[in-house]
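> Only the shape, not the letters, is given here:
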C-alpha cells in the first residue's frame, strides 16, 4: 500500500504543478531560491503546509500550462513505451521511461526559463527606465521628503507619520511594504505634485541599496528605526547592514536625521555623530514622555516641554511605541501642525497589519506580530508581554529567518528573552531553529509549559480551541515554507 500511495503521489500532476507555482510565488519568482527549494523538496504534498497558493491570474495560467505540459510528457512517455512493445525499439522504451519518471524535474526547470528571460529582457529594462524618470520627479518635487530606513519598524513608522502629519498637511506615502526602487518609481509616477510631505520607506536587501534609494528619491529628512540581524544571507554581517542603513545619514550630511536610541546595535554608528537626533521612550527633540499606561489594545502617555503638555492616546501597543509617537508629534509641530491636530492624529493611530496588531478571540486577547521579525522585535514583544496583566500568557513563534551565521546565537538569545517574559505557555513551530530557542529557554531556566507544533497551520487555524478567558497570546514572526 505504501508503494501504491507513493506512485499515486508521484503522478498527482495537479498537486505537483500547484507546488511548483507556489514555490515560484513565495520566492517572488526569483529563480535561484526557487530552484534551491525545489531540489530539497522530497514530498510535494508537504510544500504548502503553512500557507496556500494565492490564485492570481498569473499563478492560474502558469499552473494550467504546467499541468498541460506534464500531461503531454507523460502521454509521450507512454506512447514511446507502446511503440517499443510494438516495434521492439529499446531506445524508445528507455526514453519513454525517462519521460515518465523525470517529468516534474523537466517542467520545474522549463518554467524557469521564460520567467528568467522575461525578467532580464522585459522587467528589468522597464524598471530601469522608470527609476531614471522617477529620479527627476523626486528632485523637482517641492515637498518635505522623509526617508524611513532600518532593519525593522519601517512600515509602522511610515504609517504613524502618515496618520499624524496628515491631520494638517497633504501627505503621500509609499503603500504597504513597497520599499524598493521599482516601487518608489511607481509611487513617484502617481504623485499629483502638490503634496506637502512625502514619506518613502527604504527596504534593505543587499549592500548599497539604501544609498541608491537616497540618490533617486532625494530625501530632506531621514529616520533610522533600528538595526538588528536581518537579510544576513546578503549582508553577511550586522556591521555591513548598519553601514548600508546609515548611508542615509551620510547622504543628508547628518542633518534632519533621527534614530531609534533604544536599538543597541546603532550605537557604533552614532557615537561620533552629535548632529543625529535620538528618539526613545524618554521622548525626543526636547519633549519628555511620562505617565505611561499600557493596555492590550493601546497606550496612553504625556509629552511635556517647558510649560507645554500633551496628553496622548494611541491604539499602538507597547512601551517601544512611545519614541516613534513622540517623533511624529515633534515633527508635526515643527512642520506647522497645531497641538490639537497632532493629538487627533495620534488618537487615530492603529497597528499596521500583523505588526503588534491586537484583536479579541473569544474572551482572550491575541497580539498578532507575525510580520517578518528580528531579535529587536522579539525584545520589545517579550517586554510588552511581561508588563501586561493576564490570567495566562502565551508566547507563540516559529523563530527568525535570514539570520545567516548568527542563527544559533540569535535564537539562543531569543529563548532567553522569552523565558525572561515568564509566559505560562510557550509554543514553538518545529523547524531548524527550534533546538536553539529551546537551548535558550533551558539556559534561562524557563519554568512554564513548552509545546512544539509539527503542524503550524493546524495550530493557528484552531487557536480559539486553546485559549481561555483572560489569556493574552503574543504571536511573533513568520516562517514561510521556503525555509527549512
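Structure's in. What do you need? No experiment lies behind these values; they were computed from the predicted model shown.

> My read is that residue 209 contacts residue 202, right?
Yes - with contact defined as Cβ atoms under 8 Å, residue 209 reaches residue 202; the gap is 7.4 Å. Backbone N, C-alpha and C define where each C-beta goes, glycine included.

> With neighbour numbers in mind, choose between the two.
residue 202 (29 against 22; other Cβ atoms under 10 Å).

> Please determine how far that one is located from residue 246.
12 Å (Cβ to Cβ, to the nearest Å).

> Residue 180 too?
Taking Cβ to Cβ as the measure, residue 180 falls 19 Å from residue 246.

> what does residue 170 give?
30 Å.

> ok, now residue 131?
According to Cβ to Cβ, residue 131 stands 23 Å off from residue 246.

> Quick check on the two: which one has the bigger neighbour count.
residue 246 (26 against 18).

> Identify the residue spatially nearest to that one, adjacent ones excluded.
Residue nearest to residue 246 in three dimensions, not counting chain neighbours: residue 269, with 4.6 Å by Cβ to Cβ, 6 or more residues apart in numbering.

> Which strand or helix spans that neighbour?
For residue 269, the host element (DSSP states H and E) is helix 267-270.

> Now the element after that helix, going C-ward?
With DSSP H and E, the next secondary element past helix 267-270 is strand 277-280.

> Neighbouring strands of that next one in the sheet, and parallel or not?
Neighbouring strands of strand 277-280 in its sheet, by DSSP bridges, are strand 257-260 (parallel), strand 283-284 (antiparallel).

> can I get the ones you listed in CSV with distance to residue 235 and mean neighbour count?
What follows is the strands paired with strand 277-280, written out as CSV (distance: least, Cβ to Cβ, whole Å; neighbours: other Cβ atoms under 10 Å):
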stretch, distance to residue 235, mean neighbour count
strand 257-260, 19, 26
strand 283-284, 28, 26
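
> Next, format those as a markdown table and append distance to residue 234 and mean pLDDT.
Output for the strands paired with strand 277-280, formatted as a markdown table (distance: least, Cβ to Cβ, whole Å; pLDDT from 0 to 100):
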| stretch | distance to residue 234 | mean pLDDT |
| --- | --- | --- |
| strand 257-260 | 22 | 97 |
| strand 283-284 | 31 | 96 |
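
> between those strands, which one is nearest to residue 361?
With Cβ to Cβ as the measure, strand 257-260 is the member of the strands paired with strand 277-280 nearest residue 361 (31.0 Å).

> what's next to the closest one, contact-wise?
With Cβ atoms under 8 Å, 6 or more residues apart in numbering as the test, strand 257-260 has contacts from 150, 153, 221-226, 248-249, 266, 270, 275-280, 284, 323-324, 327.

> And for stretch 244-253?
Stretch 244-253 is contacted by residues 147, 149-151, 202, 204, 207-211, 214-215, 219-222, 224, 227, 235, 257, 259, 266, 269, 273, 276 when judged by Cβ under 8 Å, 6+ apart.

> All the strands of the stretch 251-400 of the chain, residue numbers only.
Under the criterion DSSP state E, counting those that start in this stretch, the stretch 251-400 of the chain contains strands at 257-260, 277-280, 283-284, 287-295, 298-305, 308-314, 357-361, 364-369, 392-397.

> any chance of those strands in CSV, with distance to residue 460 too?
CSV is the format used below for the strands of the stretch 251-400 of the chain (distance: least, Cβ to Cβ, whole Å):
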stretch, distance to residue 460
strand 257-260, 30
strand 277-280, 34
strand 283-284, 37
strand 287-295, 24
strand 298-305, 24
strand 308-314, 27
strand 357-361, 11
strand 364-369, 10
strand 392-397, 8
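
> Which neighbouring elements make contact with the strand or helix carrying residue 427?
Residue 427 is part of strand 425-429 when elements are defined by DSSP H and E. Packing partners of strand 425-429 (3 or more Cβ pairs under 8 Å, 6 or more residues apart in numbering; DSSP states H and E): strand 392-397, helix 434-443, strand 449-453, helix 456-461.

> Nearest approach to residue 95 belongs to which of these?
helix 456-461 (40.6 Å).

> which residues touch the helix or strand following that closest one?
Next along the chain after helix 456-461, taking DSSP H and E as the criterion, comes strand 471-476. Strand 471-476 is contacted from outside by 296, 361, 364-370, 373, 377-378, 381-382, 384-385, 388, 390-397, 423, 460, 463, 467, using Cβ under 8 Å, 6+ apart.

> Now a PyMOL select for only the buried ones of those.
Burial among the contacts of strand 471-476 is assessed by 16 or more other Cβ atoms under 10 Å; the matching PyMOL selection reads:
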select buried, resi 296+364+365+366+367+368+369+370+373+377+378+381+382+384+385+388+390+392+393+394+395+396+397+423+463+467
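
> sorry, back to before: tell me which of the helices and strands packed on strand 425-429 sits most buried.
Of all the helices and strands packed on strand 425-429, strand 392-397 has the most neighbours on average by mean count of other Cβ atoms under 10 Å, namely a mean of 23.

> from the chain's centre, how far out does it sit?
Mean-position distance between strand 392-397 and its chain equals 21 Å (Cα atoms, centre = their mean, to the nearest Å).

> Setting aside sequence neighbours, what's the nearest residue to residue 277?
What sits nearest to residue 277 in space, not counting adjacent residues and going by Cβ to Cβ, 6+ apart, is residue 258, at 4.7 Å.

> Let me fix that, I meant to ask about residue 318.
Nearest to residue 318 is residue 384, by Cβ to Cβ, 6+ apart, at 4.3 Å.

> residues in contact with that neighbour?
Applying Cβ under 8 Å, 6+ apart, the residues contacting residue 384 are 294, 317-320, 356, 367, 474.

> Domains in the protein, by residue range?
Taking automatic domain parsing as the criterion, the chain consists of the domains 2-110, 137-347, 357-476.

> for this protein, which spans come out with low pLDDT?
1-10, 49-50, 85-93, 230-233, 372, 480-484 (pLDDT under 70).

> Against residue 210, how distant is residue 242?
Going from residue 242 to residue 210 by Cβ to Cβ gives 10 Å.

> The two: which has the busier surroundings?
Neighbours per residue, other Cβ under 10 Å: of residue 242 and residue 210, the larger number sits with residue 210, 27 against 21.

> Now name the helix or strand holding that one.
helix 209-217.

> which helices and strands does the longest helix seen in the chain pack with?
The helix that spans the most residues within the chain, counting by DSSP state H, is helix 57-87. The contact analysis (3+ Cβ pairs under 8 Å, 6+ apart) places helix 57-87 against helix 13-26, helix 90-110.

> Would you mind getting the angle between that helix and helix 90-110?
For helix 57-87 against helix 90-110, the angle by axes from the mean of the first three to the mean of the last three Cα atoms, to 10 degrees is 170 degrees.
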